[in-house]
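Engineer: Turn this into a model:
(2 chains)
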Amino acid sequence: LYDRMERVFEQMQTAGCMPDVFTFNTMIDAYGKGLQYAKMEHAYRRMLMSGCHPDIRTYSSLMDAYRKAGLYEDVEATLKSMCTAGCKPDVKAYSLLIDIYGKRGRLEKMEATLKEMQLAGCRANVVTYTGILDAYGKAGLFEQMEEVWLSMINLHLKPDMSAYVTMLSAYGKGRLFDKMEMVFEELKAVAKTMKIVGPKPVCPAYNVLIDAYGKGKEIRKMEEAFEAMQQTGHQPS
RNA sequence: GCAGAGUGAGACACUAU
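Structural biologist: As a prediction, the model looks like this:
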């Protein structure tokens, strides 16, 4: 659908309507998500040339695209130009960076970014913390993960579905089934208060349980989970 | 004048590389 987007973009200009930050941001993000990096950079250059100033969303979209492409030097470069442009990262930008460092296993850098964020007076939210939980979980650092979980609760941040699933799958991979079950019980208790996005909201959590038990050769438990899943009206996927 | 509307971040499984 890029050709259509481009056509509209041209029409806009011939109609005398100058693209603004919104327009460019939308295009840059679309190209980035569609892995059209050359076009994305072209749009970015065009944006700069038209005297339109990139904002935090522009930089975030760029960094997100570079992350997906594995171009981490470009992420850093974008971050730099963002800072030089006097644009300060916000929660979402920090979450993105934290996620990048976490996924690359650069835990010190991740922690440093979190500190920097706090010093900048930027409050981490659930998404930020989920990224950190995931990093520690995948690294097998369960104590650290639990610490982060607790500090998250202490900040009165309510873990959402993604946060719970992160915890569950970390414990599942570590074969810490008791802990996994405790978290799952907790999830079931709070699931009702969570905003229901789909008709069967707890589904991904069941997937994690079944997968974990299956790989841990806990066939009985796996079957129990599968049954419970069906009884609660979830479609196995 | 007022009000509203458009752009960025996180988890799991399945399939493909």
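
Engineer: Find the closest residue to RNA strand B in chain A.
Structural biologist: Residue nearest to RNA strand B within chain A: residue A:25 (2.7 Å; C-beta to the nearest atom of the strand). In short, each C-beta sits where N, CA and C put it, glycine included.

Engineer: Return the alpha-carbon coordinates of stretch A:119-137 using CSV.
Structural biologist: The C-alpha trace of stretch A:119-137 is given here as CSV (Å, rounded to 0.1, in the frame of the first residue of the first chain):
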residue,chain,number,x,y,z
LEU,A,119,17.5,11.4,37.2
ALA,A,120,15.9,13.2,34.3
GLY,A,121,12.7,13.0,36.3
CYS,A,122,11.0,10.7,33.9
ARG,A,123,8.9,8.1,35.6
ALA,A,124,9.1,4.5,34.3
ASN,A,125,5.8,2.9,33.6
VAL,A,126,4.6,-0.7,33.1
VAL,A,127,6.0,-1.0,29.6
THR,A,128,9.4,0.2,30.8
TYR,A,129,9.4,-2.3,33.6
THR,A,130,8.2,-5.1,31.4
GLY,A,131,11.3,-4.6,29.3
ILE,A,132,13.5,-4.9,32.3
LEU,A,133,11.7,-7.9,33.7
ASP,A,134,12.1,-9.6,30.3
ALA,A,135,15.8,-8.9,30.2
TYR,A,136,16.4,-10.3,33.6
GLY,A,137,14.1,-13.2,33.0
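
Engineer: so who does residue A:133 touch?
Structural biologist: A:145, A:148, A:149, A:152, A:163, A:166, A:167, A:170 (C-beta atoms under 8 Å, 6 or more residues apart in numbering).

Engineer: Residue A:113 now?
Structural biologist: Applying C-beta under 8 Å, 6+ apart to residue A:113 gives the contacts A:94, A:97, A:98, A:101.

Engineer: Can you get me the start-to-end distance on stretch A:68-75?
Structural biologist: The first and final residues of stretch A:68-75 sit 10 Å from each other (C-alpha to C-alpha, to the nearest Å).

Engineer: Can you tell me how far residue A:87 is from residue A:108?
Structural biologist: Counting by C-beta to C-beta, to the nearest Å, the separation of residue A:87 from residue A:108 is 25 Å.
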